[in-house]
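would you be able to build a 3D model of this:
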Amino acid sequence: MNSKLFSNNPIYLLTLSIIITSILIVLLFGIIKIEKNIEKRMFKIATEDIISISENITDSIKSILKDSDDYISIIQKNTEIQNKIESKIKILKTENIKYTYLLYKDKKSIFRFLVDTEESESKAFLNQKFDVDNPNWLKIYETKRATLIKHTILQELSITYIIPIIKDNEVKLLFAIDFSVNKISEINKIINLMEKGLLAIIIISFIFIFILVIQVSKYRKIKKSAFIDTLTNVYNKNYLHEMKDNIDLNSYVLAVLDIDFFKNINDSYGHDAGDMILKQLASIIKMNIRDNEDIVIRFGGEEFILLIKKDENKKHNVSLNVINRIFSNIQKNDFYITSDEAIRVTVSIGINVTPHENKTFDKAFKSADAALYIAKESGRNNIKIA
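Numbering: from 1, shown residues only. Next up, the predicted model:
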């Protein structure tokens with residue numbers, strides 16, 4: 001994988017990938033829903049006519065049985081009636097209607113045949129047991145309503161429609177029809193192809209997102225290292241350049257801190273000693289500011305910018321206390337230039353307590369820098385407010 005693809009802005013690429021993947025997932029669910037709606041529509045079309053005809057057939061069966069008190073016994077004992085009912089329900093058989101039959105439930109709740117329209121080889125004999133595989137068969141005796149049982153078999157919708165034949169408010173017989181409807185194969189193929197295609201794209205997207213997450217992690221580390229001063233471990237000029245337009249100047253007091261006579265320290269003790277002084281100074285500043293609120297930036301060689309958060313009422317008293325604490329602790333501290341030799345270091349600080357009035361960060365900085373200049377001109381080792 002070429003990291004240059006991600007080096008400019010992997011965060012944007014990651015966000016875009018997540019959005020696109022989310023859209024694809026929504027589309028996939030939409031296609032699945034369309035497929036289900038097509039099946040529902042086909043199911044409705046296929047069953048409407050059959051339901052209507054079946055109701056007429058059940059009326060015909062009741063008329064054949066007339067006012068007999070025992071529907072089951074009369075059919076069992078009367079071959080003529082059996083044949084009449086069989087002729088009646090046999091006319092329903094078509095290419096799609098595979099099987100029509102009449103059942104009853106015995107005292108042991110076992111379903112048995114009364115009439116079967118199958119061909120002679122597989123035709124059920126009278127009172128032959130009929131095994132049911134769905135609890136809806138028994139529920140009909142409670143609901144007394146016709147029931148559709150749907151089975152999906154490969155490219156077909158297999159349906160059993162069961163109509164109760166009722167006498168004296170009691171279910172006596174069950175007239176059942178087994179029929180099937182071929183799914184619209186071409187539409188089904190297209191939908192399946194779309195589903196598989198989208199699923200493949202989604203899987204690839206997740207792999208791409210995983211790679212991007214890794215790249216974003218690397219990108220953040222690289223960017224963070226680009227924003228951190230390697231000597232003092234505080235923010236550097238790169239960070240300021242990136243973030244200054246996003247800083248809410250109304251929320252901060254802006255201070256510029258400069259080490260007094262730092263050039264003399266470098267000249268007298270060497271640059272390594274100067275680096276040690278800078279590290280120790282940055283450490284003191286960090287120990288006296290508030291994490292996640294105040295910001296420290298090494299702006300130049302020995303110059304630091306402090307953005308100290310105001311209180312919740314946007315007043316600067318708390319911010320000035322933080323700056324004074326930093327100033328005081330620097331004055332008290334011994335700065336080591338070797339492992340066993342220390343010197344005293346002082347700083348000058350210029351403060352802009354209302355940087356938001358300057359409109360831009362650069363103008364606010366100039367105001368604080370002017371106050372720093374006054375502090376230096378006033379003998380250094382002091383604080384001046386613009």
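
what number of residues are in the vicinity of residue 353?
22 (other C-beta atoms under 10 Å). Heads up, the C-betas are built off the backbone N, CA and C, glycines and all.

that one contacts residue 385, doesn't it?
Yes - the pair residue 353 and residue 385 passes the contact test of C-beta atoms under 8 Å, sitting 6.0 Å apart.

so, low pLDDT: which residues of the stretch 1-150 of the chain?
Counting by pLDDT under 70, the stretch 1-150 of the chain shows low-confidence ranges at 1-14, 31, 34-46.

recalculate using a threshold of 80.
Within the stretch 1-150 of the chain, the ranges that satisfy pLDDT under 80 run 1-51, 67, 93-96, 120-121, 150.

how about the helices in it?
4-7, 10-65, 71-77, 79-90, 136-143 (DSSP state H, counting those that start in this stretch).

and what of the stretch 151-300 of the chain?
Per DSSP H, counting those that start in this stretch, the stretch 151-300 of the chain carries helices over the ranges 185-227, 237-243, 262-269, 271-288.

can you say which of those is packed in most?
helix 271-288 (a mean of 17; mean count of other C-beta atoms under 10 Å).

next one: that helix to chain centre, how far?
46 Å (C-alpha atoms, centre = their mean, to the nearest Å).

which residues touch it?
229, 231-234, 257, 259, 262, 265-266, 296, 298, 302, 304, 306, 322, 325-326, 329-330, 333, 335-338, 345, 347 (C-beta atoms under 8 Å, 6 or more residues apart in numbering).

now stretch 17-32
191, 194, 195, 198, 199, 201, 202, 205, 206, 208, 209, 212.

returning to that earlier point: please flag which of the contacts of helix 271-288 sit within strands.
In this view, these that belong to strands under DSSP state E are 257, 259, 296, 298, 304, 306, 335, 336, 347.

narrow those to just the buried residues.
257, 259, 296, 298, 304, 306, 335, 347 (16 or more other C-beta atoms under 10 Å).

could you give the bridge partners of the fourth one?
The residues listed as beta-bridge partners of residue 298 by DSSP bridges are residue 304.

per-residue confidence for it?
As predicted, residue 298 sits at a pLDDT of 96.

likewise the last one?
On pLDDT, residue 347 comes in at 97.

surely it and residue 259 touch.
Yes - counting by C-beta under 8 Å, residue 259 is a contact partner of residue 347 at 5.5 Å.

which residues are contacting stretch 174-182?
Stretch 174-182 is contacted by residues 42-43, 46, 50, 54, 57-58, 61, 89, 92, 96-105, 111, 137, 140, 153, 155-165 when judged by C-beta under 8 Å, 6+ apart.
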